[in-house]
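Undergrad: Make a model of this:
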Amino acid sequence: MQHMFKYFISFFVLFVVAETVAQKQKIDTLSSNKDSIVYKSPFGIRVGIDISKPIKGLIGENYNGLELVGDYRIKKQLFIATEIGFEEETTQEDYTNSTAKGTYIRLGFNYNAYENWLDMNNEIFVGYRYGLSFFEQTINSFTPNVNNNYFPANPIVSGQTDNLNAHWSEFMVGIKVETFKNFFVSASVSYKVKMFVKEPSNFKTLFSPGFNQIFESGTGFGFNYTLSYLIPFSKK
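TA: Numbering: from 1, shown residues only. Now for the predicted structure:
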């Protein structure tokens with residue numbers, strides 16, 4: 001997580017510097033007649049992909065995932081947003097090895113707290129998501145925490161449990177930059193709070209698709225780095 005936060009902070013600093021330079025150039029160019037120009041914001045559907053998950057899958061052999069993202073602008077600063085995806089991850093603990101695999105959807109909104117200058121279309125946003133996942137969990141091996149000469153610790157291989165699900169709330173903050181016309185690069189971090197998890201009767205769920213690792217406190221963290229394209233319908 002430290003590396004993720006470093007990347008996010010670096011991306012934020014780059015955004016601020018680029019935005020400041022671009023604003024100054026626009027102001028110098030249009031200062032003579034800016035009062036007579038009215039800029040309208042584009043409204044439409046923005047769709048894209050979270051590229052952090054394929055990268056994570058290439059780096060680590062225990063993970064596979066894909067996430068598609070989308071949002072729709074309903075007001076100047078407010079967007080309805082959603083993410084849908086698939087994840088499979090194998091978790092290795094001291095005495096257990098398990099694999100969780102399934103699909104998820106997150107639905108909520110983003111509020112852009114950044115006031116753009118002129119015709120810019122960037123965001124510094126805060127958001128909320130309700131998350132829901134459906135998955136299966138396989139206990140690959142479980143070794144009892146007993147190790148002595150009389151009762152040796154023999155691995156116990158278990159099977160698969162289907163029809164599991166998880167519900168959670170997610171609070172996020174991020175930035176979105178229009179690098180080319182209608183093309184956006186975005187980075188965000190999120191804090192997740194478990195609401196409910198249906199678990200196997202004899203094993204605790206350690207990972208849920210869409211939620212990531214579930215800590216003892218019932219919380220978790222997430223990171224997204226997305227590329228998206230806006231399909232504009234109108235300008236207001």
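
Undergrad: following the helix or strand of the chain with the lowest mean pLDDT, which helix or strand comes up?
TA: When the helices and strands of the chain are scored by mean pLDDT, DSSP states H and E, helix 2-30 comes last with a mean of 49. Using DSSP states H and E, the helix or strand that follows helix 2-30 in sequence is strand 42-50.

Undergrad: Keeping just the C-alphas, turn that next one into PDB.
TA: C-alpha atoms of strand 42-50 as PDB (Å, rounded to 0.1, in the frame of the first residue of the first chain):
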ATOM      1  CA  PRO A  42     -19.700  18.100 -21.900                       C
ATOM      2  CA  PHE A  43     -22.300  15.700 -20.600                       C
ATOM      3  CA  GLY A  44     -22.300  12.100 -21.600                       C
ATOM      4  CA  ILE A  45     -21.200   8.500 -20.700                       C
ATOM      5  CA  ARG A  46     -17.500   7.900 -19.900                       C
ATOM      6  CA  VAL A  47     -16.300   4.300 -20.100                       C
ATOM      7  CA  GLY A  48     -12.900   2.800 -19.500                       C
ATOM      8  CA  ILE A  49     -10.700   0.100 -17.900                       C
ATOM      9  CA  ASP A  50      -8.700  -0.200 -14.700                       C
END
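
Undergrad: quick one: buried residues of it?
TA: Going by neighbour count (16 or more other CB atoms under 10 Å), the buried part of strand 42-50 is 42-43, 46, 48-50. Yep, even glycine has a C-beta here, placed from its N, CA and C like the rest.

Undergrad: Which strands or helices does that strand pack on?
TA: Here strand 42-50 touches strand 63-73, strand 183-197, strand 219-235, going by 3 or more CB pairs under 8 Å, 6 or more residues apart in numbering; DSSP states H and E.

Undergrad: returning to that earlier point: which two among the buried residues of strand 42-50 are spaced furthest apart?
TA: Greatest spacing in the buried residues of strand 42-50, by CB to CB: 43 and 50 (23.3 Å).
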